[in-house]
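S.K.: A structural model of the following input is requested.
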Amino acid sequence: MLSWLEYLLDGQCVVTGSWSGTVQVWNLESGEQEGTSIKHKGEITGLVVSWNGTKIITSGCRGRVKVWDVESRKLVKEWTHLEIDPKIAILPDDRLVAVGHWNVAVYTMEGRHIDSIKTGSFIGCMCFSPDGNKLAYGTVSSICLYDVNSGTLIAVLSLDGDRLFDVLWSCDGSKLFASKGGTIQCWNSDTGQQIRAAWTGHTGNICSLSLSPDGLILASTSLDKTVHFWNATTGNPIGQHLQNDCEVTTVHFSPSSKFVASAGWNSNIQYIYGRW
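M.R.: Numbers count the residues shown, from 1 in each chain. Next up is the predicted model:
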């Protein structure tokens, strides 16, 4: 099963990560793997690609965080986060990495501990704001906003109902999108007020969200075996959703915003050109 997928800067290749601990780089045009596979040694619980496209960072079930060179596929740094099954997020300037499961620790890319955030609750997802000044992390019942510079918690958005699966920021940082059960909800990140009613259309839990780099379109994947597309401003559905033959767990827009790649339980990558 492929649980993580991210584009590289060239827009021609994607990085995938499986629960088994294997990380691979794929050429989307040829459908072939490029270079050798990366072996994390143990189940992977998180994967991100650095914003400059040169590093892959993975976290494992026993708390090991590893930094890999994209070109050589070699391990360049590793350290241990003292929690099992941590999630990870990377600052937009690649200086810092947030790692957390019940609490969040902030590290430099060299593994030096900078700060800690005591959350008191299971963390299901994390994402830095585009300007790098805030970290949003989702717990079972809330989205918390943490100020990176002051080291303080600045807002808590309380949630009701189903489990929170993913959270991300709008390109200008003014909004937060989150998947809650089978719906997508949107908040004003300054006021904490929800913007319009929840977006509905999926019939299963939404596993992953991706916002196009131009900020216009939101993609969502679900256990209902579909990928849906939404107008990121209005929340209205766009075009026909993509049907898959398995549960879809991850989705990502290309750097050009013109292509979308998704993957799921059958370990196949679905790659489409969007005529938005």
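S.K.: count the residues that sit near Lys39.
M.R.: The local packing count at Lys39 equals 12, with neighbours defined by other C-beta atoms under 10 Å. Backbone N, C-alpha and C define where each C-beta goes, glycine included.
S.K.: model confidence for it, exactly?
M.R.: According to the model's per-residue confidence, Lys39 sits at a pLDDT of 95.
S.K.: got it, and Ile195?
M.R.: In the prediction, the pLDDT value recorded for Ile195 is 91.
S.K.: and it, what does it touch?
M.R.: Contact criterion C-beta atoms under 8 Å, 6 or more residues apart in numbering gives Lys175, Cys186, Trp187, Asn188 as the residues in contact with Ile195.
S.K.: which stretches of the stretch 151-276 of the chain have low pLDDT?
M.R.: The model of the stretch 151-276 of the chain has pLDDT under 70 over residues 160-162, 275-276.
S.K.: let's see that with 90 instead.
M.R.: Flagging of the stretch 151-276 of the chain using pLDDT under 90 yields the residue ranges 151-154, 156-165, 180-181, 190-194, 196, 239-246, 264-276.
S.K.: what subset of the contacts of Ile195 is buried?
M.R.: Buried residues within those, counting neighbours by 16 or more other C-beta atoms under 10 Å: Lys175, Cys186, Trp187.
S.K.: nearest residue to the last one in space, please, no chain neighbours.
M.R.: The spatially closest residue to Trp187, leaving aside those adjacent along the chain, is Leu176, at 4.7 Å (C-beta to C-beta, 6 or more residues apart in numbering).
S.K.: now do Glu29
M.R.: Among residues not flanking Glu29 along the chain, Gln12 sits closest, at 6.2 Å (C-beta to C-beta, 6+ apart).
S.K.: please report phi then psi for that neighbour.
M.R.: Note on Gln12: backbone dihedrals following degrees, to the nearest 10 are phi -100, psi -20.
S.K.: thought it was touching Gly31?
M.R.: No - under the criterion of C-beta atoms under 8 Å, Gln12 is not in contact with Gly31, lying 11.7 Å apart.
S.K.: in terms of neighbours, single out the busier of these two.
M.R.: Comparing Gln12 with Gly31 by other C-beta under 10 Å, the one with more neighbours is Gln12, at 16 against 9.
S.K.: want to try a markdown table for the buried ones among the contacts of Ile195, with distance to Asp214 and secondary structure as columns?
M.R.: Output for the buried ones among the contacts of Ile195, formatted as a markdown table (distance: C-beta to C-beta, whole Å; DSSP: H, G, I helix; E, B strand; the rest coil):
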| residue | distance to Asp214 | secondary structure |
| --- | --- | --- |
| Lys175 | 15 | strand |
| Cys186 | 17 | strand |
| Trp187 | 21 | strand |
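S.K.: and which of those is nearest to Ser116?
M.R.: The shortest separation between Ser116 and any of the buried ones among the contacts of Ile195 is 25.5 Å, and it belongs to Trp187 (by C-beta to C-beta).
S.K.: and that closest one, what does it touch?
M.R.: By C-beta under 8 Å, 6+ apart, the residues touching Trp187 are Ile143, Leu157, Lys175, Leu176, Ala178, Gln193, Gln194, Ile195.
S.K.: so what pairs up with the first one in the strands?
M.R.: Residues found in beta-bridge contact with Ile143 (criterion: DSSP bridges) are Gly138, Leu157.
S.K.: contacting residues for the closest residue to Leu82 other than its chain neighbours?
M.R.: Nearest-residue entry for Leu82: Gly63, 6.1 Å, with adjacent residues in sequence omitted and distances by C-beta to C-beta, 6+ apart. With C-beta under 8 Å, 6+ apart as the criterion, the residues that contact Gly63 are Thr80, His81, Leu82, Glu83, Ile84, Pro86.
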